[in-house]
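# Predicted model and sequence follow; I will ask about them next.
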Amino acid sequence: MSLLAKYFNKQNLIKIRNACTEAEKTTSGEIRVSILSKRNKKQKDKTVKEIALEEFYNLKMNETRDKTGILIFILLKEKQFQILADEGINEKVDTDIWSSQAEILIDYFKNENYTEGLVTLIQNMGKILTQYFPIKDDDTNELSNDVIVK
């Protein structure tokens, strides 16, 4: 069994993708989830935040119109994750909000409720982003909602 399959099956990934789609119906924010099973050789000396930042740019999260991309990055083997928001979000939303959301996710993960934890986090992010970045009349889905799995 692969490491990914130990935590997420195809149905779980669809639920997570659908949560992103639903959350984005009320906000101009773009929420993405990227799951990395384990580090590659180039990443061995990097922090999880550095790897997540690379992924943020690889996924073009920084290229949304209003700089409202937010990434949930998970490094499965090390049981670590990082939440990264683009500058448009960071200018308006206090980073403590994301820290409190991270604590909620940690509680779900401790209880091995991985999919439910991510769906809850995504729903919460959608509500938070809607307060600061309500959907615009000309809003488009700028980034795919598919979960990135590597």
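In hand now; what should we look at?
# drop to CA atoms for contacts and neighbour counts, all remaining ones
OK.
# Contact partners for the spatially most central residue of the chain?
What sits nearest the mean C-alpha location of the chain, by Cα atoms, centre = their mean, is residue 72, with 2.2 Å. Going by Cα atoms under 8 Å, 6 or more residues apart in numbering, residue 72 touches 31, 32, 33, 34, 81, 82, 83, 84.
# repeat that with 10 Å
31-35, 52, 56, 81-85, 102, 118, 121-122, 147 (Cα atoms under 10 Å, 6 or more residues apart in numbering).
# So which residues of this structure form helices?
Assigned by DSSP state H, the helices in the chain fall at 3-7, 10-23, 48-58, 87-92, 95-110, 114-132.
# do you know how far residue 93 is from residue 11?
Counting by Cα to Cα, to the nearest Å, the separation of residue 93 from residue 11 is 32 Å.
# Have a look at these two and say which one is more surrounded.
Taking other Cα atoms under 10 Å, residue 93 and residue 11 do not tie; residue 93 has more neighbours (16 against 10).
# contacting residues for residue 110?
Residue 110 neighbours (Cα under 10 Å, 6+ apart): residue 117.
# where's it relative to residue 146, distance?
Applying Cα to Cα, the value for residue 110 to residue 146 is 25 Å.
# same thing with residue 12?
Shown here: residue 12 relative to residue 146, a distance of 12 Å by Cα to Cα.
# Also residue 129?
Relative to residue 146, and taking Cα to Cα, residue 129 is found at 19 Å.
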